[in-house]
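Q: no sequence on this one, just coordinates:
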């Protein structure tokens with residue numbers, strides 16, 4: 001049997017599963033380097049090309065124009081064809097689309113490149129999760145999912161340290177050449193080690209349970225997850241596009257110091273995200289219902305993060321305190337990315353899991369489209385006071401987080417959803433060799 005096809009179907013292989021987890025985490029690192037590079041070079045790029053804050057916000061949001069559509073298409077394809085192939089093609093497309101950024105100068109061309117890049121990156125998160133879940137039983141998914149998403153955080157950490165140094169030495173365009181090379185290297189590695197997981201039988205030989213889409217998408221747990229993903233993505237998109245700019249133009253740090261602060265931001269949020277995922281999985285493993293260990297857990301962290309974002313507008317905070325509040329609130333929202341998908345997987349039939357994960361990502365991308373533009377408009381309406389405009393956007397973000405957190409507290413109830421939808425995960429585990 002080929003190394004790239006199923007081996008020992010139905011058998012959980014921890015070492016192999018973790019090697020795939022690490023490979024996918026490195027793919028997410030490249031993915032987020034592609035996303036954050038514009039934010040890290042915002043000051044010199046806006047200066048050289050003459051872009052206003054609103055125009056730059058438009059560029060930042062353009063990554064999400066086709067993101068939602070491509071996420072859904074990629075998710076649907078992942079339910080039908082090899083996730084190994086989809087991931088390879090996607091990552092190759094990112095590298096090819098970064099090449100023209102070495103020369104692009106006009107707003108329409110840069111917008112087009114970012115829109116196409118977003119289309120290529122749209123399926124990355126749901127397809128990588130779908131691929132990962134083929135290697136893991138339900139009760140072991142939260143922590144590996146968190147590790148996968150910490151690959152994103154690793155990308156941000158590397159960006160904070162490397163991109164300012166590269167920009168100062170070779171200019172802001174040089175960063176795109178390096179990103180092209182990183183993408184190609186990952187593709188070569190994935191060709192060697194990528195494979196389909198053994199915990200999901202091939203489509204041709206399994207009897208698939210499928211639910212009507214109207215029933216599935218009206219489920220409270222699924223809709224609640226969509227709300228939580230929207231809120232978390234609002235924070236993520238604002239941070240990727242505008243936080244480096246805020247540190248420099250708003251708080252007055254030079255490029256190198258701002259880069260180090262951004263790296264520190266990531267160094268704190270990474271263990272927070274892992275710790276929250278571990279805590280949720282630990283509570284679930286101790287017998288706490290997933291309504292509490294996953295659903296209420298997410299609701300609480302989103303509401304707390306929202307309150308912290310609103311605090312950003314308080315005038316007595318020092319610049320360091322503002323960075324700290326931004327860091328802690330962002331770290332809390334990372335729980336959504338590691339705890340939310342296992343909840344979706346808990347209530348969704350395997351045959352529809354990839355599409356549902358993609359739909360969640362697509363809903364989240366709407367926030368990624370709106371948040372950078374709104375933040376740019378608020379900054380532009382405060383000429384000469386970038387900090388005030390950005391902090392106004394934090395208040396808006398806080399209300400989004402609290403509103404979505406309250407909805408999550410009411411709707412996220414996986415046990416109820418399994419009963420309503422007729423998805424019996426426990427009996428599946430009992431019949432499976434994975435339960436040993």
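A: Ah, there it is. Quick caveat: nothing in here was measured; it's all calculated off a predicted structure.
Q: what's the strand or helix carrying residue 261 packed up against?
A: In the assignment (DSSP states H and E), residue 261 maps to helix 255-285. If contacts are counted by 3 or more Cβ pairs under 8 Å, 6 or more residues apart in numbering; DSSP states H and E, helix 255-285 sits against helix 142-170, helix 220-245, helix 297-311, helix 319-333, helix 335-347. C-beta: built from backbone N, CA, C; applies to glycine.
Q: and that helix with helix 297-311, angle?
A: 150 degrees (axes from the mean of the first three to the mean of the last three Cα atoms, to 10 degrees).
Q: give me the mean pLDDT for helix 255-285.
A: For helix 255-285, mean pLDDT rounds to 86.
Q: so who does the closest residue to residue 183 other than its chain neighbours touch?
A: In this structure, residue 183 finds its nearest non-sequential neighbour in residue 95, 3.2 Å apart by Cβ to Cβ, 6 or more residues apart in numbering. Residues in contact with residue 95 (Cβ atoms under 8 Å, 6 or more residues apart in numbering) are 179-184, 187.
Q: sorry, back to before: could the helices and strands packed on helix 255-285 go into JSON lines alongside distance to residue 16 and mean neighbour count?
A: Formatted as JSON lines, the helices and strands packed on helix 255-285 follow (distance: least, Cβ to Cβ, whole Å; neighbours: other Cβ atoms under 10 Å):
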{"stretch": "helix 142-170", "distance to residue 16": "12", "mean neighbour count": "22"}
{"stretch": "helix 220-245", "distance to residue 16": "28", "mean neighbour count": "26"}
{"stretch": "helix 297-311", "distance to residue 16": "29", "mean neighbour count": "22"}
{"stretch": "helix 319-333", "distance to residue 16": "30", "mean neighbour count": "21"}
{"stretch": "helix 335-347", "distance to residue 16": "20", "mean neighbour count": "27"}
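Q: nearest to residue 252, out of these?
A: Of all the helices and strands packed on helix 255-285, it is helix 319-333 that lies closest to residue 252, at 7.4 Å by Cβ to Cβ.
Q: just to revisit the earlier point, ok, now how distant is the residue nearest to residue 183 from residue 22?
A: Applying Cβ to Cβ, to the nearest Å, the value for residue 95 to residue 22 is 20 Å.
Q: again with residue 404
A: In terms of Cβ to Cβ, residue 404 sits 31 Å off from residue 22.
Q: which of the two has more neighbours?
A: Using other Cβ atoms under 10 Å as the criterion, residue 404 and residue 22 rank with residue 404 on top: 26 against 14.
Q: the more buried one: helix or strand, and which one exactly?
A: helix 386-411.
Q: list the buried residues of that helix.
A: Applying a neighbour-count criterion of 16 or more other Cβ atoms under 10 Å, one finds 386-387, 389-398, 400-405, 407-409, 411 buried in helix 386-411.
Q: list the helices and strands that helix packs on?
A: helix 220-245, helix 297-311, helix 319-333, helix 350-380.
Q: can you list contacts of stretch 303-321?
A: With Cβ under 8 Å, 6+ apart as the test, stretch 303-321 has contacts from 231, 235, 251-253, 322, 325-326, 328-330, 332-333, 391-392, 394-395, 397-403, 405-406, 409.
Q: what is the end-to-end distance of it?
A: Chord length of stretch 303-321, first to last residue, is 20 Å (Cα to Cα, to the nearest Å).
Q: how close does the residue nearest to residue 183 get to residue 101?
A: Counting by Cβ to Cβ - residue 95 and residue 101 are separated by 11 Å.
Q: same check on residue 22?
A: Counting by Cβ to Cβ, the separation of residue 22 from residue 101 is 28 Å.
Q: list the buried residues of stretch 19-30.
A: 20-21, 23-30.
Q: and the residue nearest to residue 300 when sequence neighbours are not counted, what does it touch?
A: Leaving out its chain neighbours, the residue that sits closest to residue 300 by Cβ to Cβ, 6+ apart is residue 405, at 7.4 Å. Residues near residue 405 by Cβ under 8 Å, 6+ apart: 228, 231, 298-303, 305-306.
Q: ok, now with 6 Å
A: Shown in contact with residue 405 (Cβ atoms under 6 Å, 6 or more residues apart in numbering): 299, 302-303.
Q: in this structure, which ranges drop under the pLDDT threshold?
A: For the chain, applying pLDDT under 70 flags the ranges 1-11, 138-139, 142, 200-208, 424-436.
Q: residues near the residue nearest to residue 105 when sequence neighbours are not counted, how many?
A: Distance criterion Cβ to Cβ, 6+ apart; nearest residue to residue 105, sequence neighbours excluded, is residue 49 at 6.2 Å. Residue 49 has 16 neighbouring residues, counting by other Cβ under 10 Å.
Q: picking up where we left off before, distance check, the residue nearest to residue 300 against residue 232.
A: For residue 405, the distance to residue 232 (Cβ to Cβ) stands at 10 Å.
Q: again with residue 184
A: Taking Cβ to Cβ, one finds residue 184 at 30 Å from residue 232.
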